[in-house]
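Okay, sequence plus prediction incoming.
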Amino acid sequence: MTDDRDDFEQELSERLHQATPDPPPAISRAEGARRYARRSRRTKGLLAVGAAAAVVAAIVVVPTVLTSGSGNGQVATGPTATAPTAVLPSPKLAHPFTCPAPGQPATPVSPPANGVVPSGAVLARICPAASQFAGRSWTAPQQALVSNLGQLVKSVNALPTRPTLLNCPLIVEPFNYTLTFQYADGHAVSVRAMTQGCDLVTTGTVQRAGASRLLRDYLNLLWKQRGQYVERRTASAAPSCTSQRVNGLNTTTAVVVDHRQLGLAGAVVCQSGLPGVGPTQGKLTQREIGLVERDLTLHATRTQPGCWSSYPPPARETTLIVGVDRWGDRVTLAVGFCAGVQIEDRSGSWYWHPTPATQRMLTYALKLPGHPLLTPPGHVFGRLFTVGGPVGTPNRPLPGQISLSGPHSVTISVGKSGEFKASVPPGRYQVIGHSPWYQSGKASCQPAHPYVVVRAGQQAKVDVYCQEN
């Protein structure tokens, strides 16, 4: 900081010196000196005021530049550093196009004539599309794009064409969508796309390449719109759990503008399919939502986790988080089999597994902290051996079994070494041991204290003694 200040003062001194006028010709040395002094004082005063203003501007500008970027882990709040003030323009449509609800008839649309999307659209919306395969379901932003539509139309028409009959690899979980453009007279045209396989966009009778690129273009324009306009908000439905089954063949992908800026206004965590437990829902507080968003921002990765690297998958991979963001969009984060949460945003694909701390928070939000499939297990270890007997008799390790009675019944086998170790659900357990080498297994062996407390993720030691006379 000192070197920077010295350089600044030296540069200011040089500029003051350069700006100082040369002395006038010595016609009348005394009068000339007086006029020169007056001009010099005026010039230096103006320069000093300008220099002070420059310093103040530098003090203001530098922090602004530092805080407006999104690099180095910082998250910008939008395309611009200032909050948008203009109200989002609403197209004058009697029936604005919306994505069809499940079981509801779809709004009539037509393919673009000659494979070219016409200009003049006033609204565009992306929607999930059905697939002939048992495909991946997903949720899309419900906010319509009503700005920069000319640019989006150009993006579609600029995609390179591909032969109509083109062999594509069979995709078990295709990710399909439709992009629909609506015009002032109410009619709509739609293009269909699939981001896997051949990455095709079907515009009527013409096939084009670049479904992933088109999705990125749409989300980027929506991101830009959110940074420019404030949308007229209506009351949105509170988030709630669905009966959707989350497994390897039917998982949910979230399509969001930017995974670092979810901005959830409310969220619930859901759980279903647990033995002995029905569908469960827990509401997340704003603090808990912030923890989820921070975890997602810091730990999402571009690399898809290996499917079989941790088989069988941990039980947390059945968690479903359903939220509603501040734009009224429904965001579903399903921690599915293999890949965890998959998210598509304007930058590409992301994969995320909640950290253990976040998972524990979600578990307690479900109000099922003692369920063995939801809570990380603890570990109990120790020895089973004899004590007592005639003076000088050494302790002998015993084979047998250890029984834990508490929130769950647990039986641990013990080998000839007398040592045992096992993972058990957290809780307070009564401990009893038996050994066929001790009174033919009919008598029980006890630890020094009859109970042991096992905590999630921690180890608890307990030695079990068989008392000899």
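Everything's here; your move. Numbering: from 1, shown residues only.

which stretches of the stretch 101-250 of the chain aren't confidently modelled?
Across the stretch 101-250 of the chain, the ranges flagged by pLDDT under 70 are 102-103, 105-106, 130-137, 164-174, 232-236, 242-250.

just the helices in it please.
With DSSP state H, counting those that start in this stretch as the criterion, the stretch 101-250 of the chain has helices at 149-157, 211-228.

can you put those in TSV and add distance to Leu362 and mean neighbour count?
No exception for glycine: its C-beta is placed from N, CA and C like everyone else's. Below are the helices of the stretch 101-250 of the chain laid out as TSV (distance: least, Cβ to Cβ, whole Å; neighbours: other Cβ atoms under 10 Å):
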stretch	distance to Leu362	mean neighbour count
helix 149-157	37	17
helix 211-228	27	21
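
Distance to Ala460 added to the ones you listed, as TSV?
Putting those into TSV (distance: least, Cβ to Cβ, whole Å) gives the following:
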stretch	distance to Ala460
helix 149-157	60
helix 211-228	50
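
Setting aside sequence neighbours, what's the nearest residue to Tyr465?
Val387 (4.7 Å; Cβ to Cβ, 6 or more residues apart in numbering).

Same question for His353.
That would be Gly340: by Cβ to Cβ, 6+ apart, it lies 4.0 Å from His353.

Tell me how far that neighbour lies from Thr252.
Gly340 sits 12 Å away from Thr252, going by Cβ to Cβ, to the nearest Å.

Just want to know which of the two has more residues nearby.
Gly340 (24 against 21; other Cβ atoms under 10 Å).

give the contact list for Phe385.
395-398, 418, 463-466 (Cβ atoms under 8 Å, 6 or more residues apart in numbering).

at 10 Å what do you get?
394-398, 414, 417-419, 433, 435, 438, 445, 463-466 (Cβ atoms under 10 Å, 6 or more residues apart in numbering).

In a helix, it, correct?
No - counting by DSSP: H, G, I helix; E, B strand; the rest coil, one finds Phe385 to be strand, located in no helix.

Could you report the pLDDT at it?
Phe385 carries a pLDDT value of 95.

ok, what's across the strand from it?
Pro397, Tyr465 (DSSP bridges).

Mind telling me what element the closest residue to Cys241 other than its chain neighbours is part of?
With sequence-adjacent residues excluded and distances taken as Cβ to Cβ, 6+ apart, Cys241 is closest to Cys270, at 3.5 Å. Assigned by DSSP states H and E, Cys270 belongs to strand 264-271.

show me what contacts Tyr229?
84-89, 146-147.

Please identify which pair of those residues lies farthest apart.
Thr85 and Val146 (17.0 Å; Cβ to Cβ).

more crowded one of those two?
With neighbours defined as other Cβ under 10 Å, Thr85 and Val146 compare such that Val146 has more, 22 against 8.

coming back round to it: shared neighbours, Gly340 and Thr252?
333-334.

and Gly263, how many neighbours?
Neighbour number of Gly263 under other Cβ under 10 Å is 19.

distance between the ends of stretch 107-126?
14 Å (Cα to Cα, to the nearest Å).

From here on, call the first residue 16.
Sure thing, new numbering starts at 16, so read that last one as stretch 122-141.

Which parts of that stretch count as buried, going by neighbours?
For stretch 122-141, the neighbour count (16 or more other Cβ atoms under 10 Å) marks 122, 126-127, 130, 132, 136-141 as buried.

One more: stretch 410-428?
412-419, 421-422, 425, 427.

which residues touch the residue nearest to Pro143 when sequence neighbours are not counted?
Spatial nearest neighbour of Pro143, excluding adjacent residues (Cβ to Cβ, 6+ apart): Trp153 at 5.5 Å. Residues near Trp153 by Cβ under 10 Å, 6+ apart: 143-144, 190-192, 266-270, 347, 349, 357-359.

Could you do Ala144 as well?
114, 150, 153, 189-194, 205, 207-209.

same deal with Cys256?
Here Cys256 is in contact with 283-287, 294-297, 335-337 (Cβ under 10 Å, 6+ apart).

same thing with Val429?
Val429 touches 397-400, 412-417, 435-436, 448-450, 479, counting by Cβ under 10 Å, 6+ apart.

and Phe190, what is it in contact with?
Contacts of Phe190 (Cβ under 10 Å, 6+ apart): 143-144, 146, 150-153, 208-212, 226-227, 230, 268, 270, 357, 359, 364.

follow-up on the earlier one: note down every partner strand of the strand holding Cys285 and its orientation.
When DSSP bridges is applied, strand 279-286 pairs with strand 295-298 (antiparallel), strand 335-340 (antiparallel).

Just the buried subset of the contacts of Trp153, written out for PyMOL, thanks.
One line in PyMOL is enough to select the buried ones among the contacts of Trp153; burial here means 16+ other Cβ under 10 Å:
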select buried, resi 143+144+190+191+192+266+267+268+269+270+347+349+357+358+359
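
I'd like to know which of the contacts of Trp153 is nearest to Gly472.
Among the contacts of Trp153, and counting by Cβ to Cβ, the member closest to Gly472 is Ala349, at 24.7 Å.

Return the set of residues that bridge with the residue nearest to the closest one when sequence neighbours are not counted.
Here the nearest residue to Ala349 in space, its sequence neighbours aside, is Thr267; by Cβ to Cβ, 6+ apart that works out to 3.8 Å. Note on Thr267: beta-bridge partners by DSSP bridges are Ser152.

Okay, Thr267 and Cys285: tell me how far apart.
Where Cys285 is concerned, Thr267 sits at a distance of 11 Å (Cβ to Cβ).

Okay, domains of this structure per the record?
17-37+44-74, 102-114+123-245, 267-380, 393-483 (automatic domain parsing).

Dump those into JSON lines; add distance to Ala253 as well.
Formatted as JSON lines, the domains of the chain follow (distance: least, Cβ to Cβ, whole Å):
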{"stretch": "domain 17-37+44-74", "distance to Ala253": "45"}
{"stretch": "domain 102-114+123-245", "distance to Ala253": "15"}
{"stretch": "domain 267-380", "distance to Ala253": "6"}
{"stretch": "domain 393-483", "distance to Ala253": "31"}
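
Test my guess that Gln157 contacts Cys142.
Yes - between Gln157 and Cys142 a contact is recorded at 9.4 Å, counting by Cβ atoms under 10 Å.

intersection of neighbour lists for the two?
With Cβ under 10 Å, 6+ apart, Gln157 and Cys142 have common neighbours 113-114.

Might you report the residue contacts of His316?
To be clear, residue 316 is Thr; His isn't right here. Thr316 makes contact with 355, 364-368 under the criterion Cβ under 10 Å, 6+ apart.

and the least confident of these?
Gly355 (71).

The residue nearest to Cys256 contacts Val337, doesn't it?
Yes - using Cβ under 10 Å, Cys285 makes contact with Val337 at a distance of 6.3 Å.

Apart from its neighbours in sequence, what residue is nearest Arg140?
Closest residue to Arg140 apart from its sequence neighbours, by Cβ to Cβ, 6+ apart: Ala159 at 4.9 Å.
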